[in-house]
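**Q** Here is the input, now give the coordinates:
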Amino acid sequence: MKIRHILPVLASAGFIFATYTVINGSQPMPVAAAVVEPASAPFKAFIAGSGIIEAQSQNIAIGTPLSGIVSTVLVSVGEKIKSGAPLFFLDNRESRSALEIKTADLSKALAEVNVAQANLNESLSLNQLAEAITDKRAISGEELLKRRNAVLTAKARLESAKAAVEQAEASLGEVETTLERLVVRAPVDSEVLQVNLRPGEFAQAGTSNTPLLLLGDLDQLHVRVDIDENDAWRFDKNSKAVAYLRGNRDFKFDLQLAYIEPFVVPKKSLTGDSTERVDTRVLQALYSFNQGQRPIYVGQQMDVFIEAQEFATDNGNSNPPQTGG
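**A** Presented below is the predicted three-dimensional model:
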């Protein structure tokens, strides 16, 4: 009798608990508060785009014209360097050995020129003596012809020796050029942003996803703005533009247009937004700004807003502000 009374009670309690669990689990999850408030546009109509901070000279990815083992790295991150200053050396022992051989070859070629010049002088002297004999019976015509041909032969050998000197000099210059190419130098006055190689590592010539070194002129910073191709027709280079540093909208900067790259390219700079379109093309505009004493770094992102005109639609209403990028 007791079990018959307990089972319905347990069934009712299980049903009530299951109903409570389903109802409680179907409640919408609360939206997490933003870590920082996003920036808002100061214009009624605007073009929005994401921007990447880069050096005035653009970010210069340094490679190497020749592959080899790195022997010495002369610069460190944050160091300011002048144009032409050496950045790193590749192992040059093989080229230095070749330089010694080519130097010896040049010395030998120069000596051969001296020998050929001496033989020519001797042949000229003997020929002059033969030509000076007035009595033609004292020397045969065959002997006179031999001496004349000896002069021509000596001249040819001298020209050949001089050509060998030029060839040796060219070979020596080739080795000297190779030695110079084993020293990678800074192309412009800049600051070292990244160093991705160490002594003893192998530096591969050609293109690479990771540059050996990254340089940039940080005296003036630029922000590269991606303008969605759908908004490109609304862009006016004379319009006002402002930027907010990603993560702190209190860092506001007035922008001055530096130049536009008038070639629309596939979008590469991604912000990580889940709603971001990655299959679009963008027009890239570069703006300069005065960073003052604020901590700004190359590679940081900015939220950029460019003032745009409002255009009326067919029904008389103006287009809503676009939020491309």
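
**Q** mind giving me the domain ranges of this structure?
**A** Using automatic domain parsing, the domain ranges for the chain come out as 46-56+220-307, 60-91+183-203, 93-181.

**Q** Which one, of these, ends up nearest to Ile16?
**A** In terms of CB to CB, the element of the domains of the chain nearest to Ile16 is domain 46-56+220-307, at 38.9 Å. C-betas here are computed from N, CA, C, even on glycine.

**Q** now do the same end-to-end measure for that closest one.
**A** Using CA to CA, to the nearest Å, the gap from the first to the last residue of domain 46-56+220-307 comes to 4 Å.

**Q** what's the neighbour count on Ser12?
**A** Residue neighbour count, defined by other CB atoms under 10 Å, stands at 10 for Ser12.

**Q** before we move on, which element is it in?
**A** Here Ser12 sits within helix 2-25, counting by DSSP states H and E.

**Q** quick one: average confidence on the helix or strand just after that helix?
**A** Toward the C-terminal end, the helix or strand that comes next after helix 2-25 (DSSP H and E) is strand 46-55. For strand 46-55, the mean pLDDT works out to 92.

**Q** Pairing partners for strand 46-55, with directions?
**A** Using DSSP bridges, the strands paired with strand 46-55 are strand 221-228 (antiparallel), strand 301-307 (antiparallel).

**Q** how far away is Ile296 from Phe305?
**A** Distance of Ile296 to Phe305, given as CB to CB, to the nearest Å: 18 Å.

**Q** ok, these two, which is more surrounded?
**A** Higher neighbour count among Ile296 and Phe305: Phe305, with 24 against 17, using other CB under 10 Å.

**Q** Is that one in contact with Ala45, as I believe?
**A** No: applying CB atoms under 8 Å as the test, Phe305 and Ala45 come out as separate, 10.3 Å apart.

**Q** Pick out the residue closest to the middle of the chain.
**A** Ala61 (2.9 Å; CA atoms, centre = their mean).

**Q** helix, strand or coil for it?
**A** strand (DSSP: H, G, I helix; E, B strand; the rest coil).

**Q** Spatially nearest residue to it, not counting backbone neighbours?
**A** Of all residues not flanking Ala61 in the chain, Pro211 sits nearest, at 3.4 Å (CB to CB, 6 or more residues apart in numbering).

**Q** burial count for the one you found?
**A** Count around Pro211 with other CB under 10 Å applied: 18.

**Q** tell me the SS of it?
**A** coil.

**Q** Backbone dihedrals for it, both of them.
**A** phi -70, psi 150 (degrees, to the nearest 10).

**Q** Read off the pLDDT value for it.
**A** Reported pLDDT at Pro211 in the predicted model: 91.

**Q** ok, now which ones touch the residue nearest to the centre of the chain?
**A** Residues near Ala61 by CB atoms under 8 Å, 6 or more residues apart in numbering: Pro211, Leu213, Leu214.
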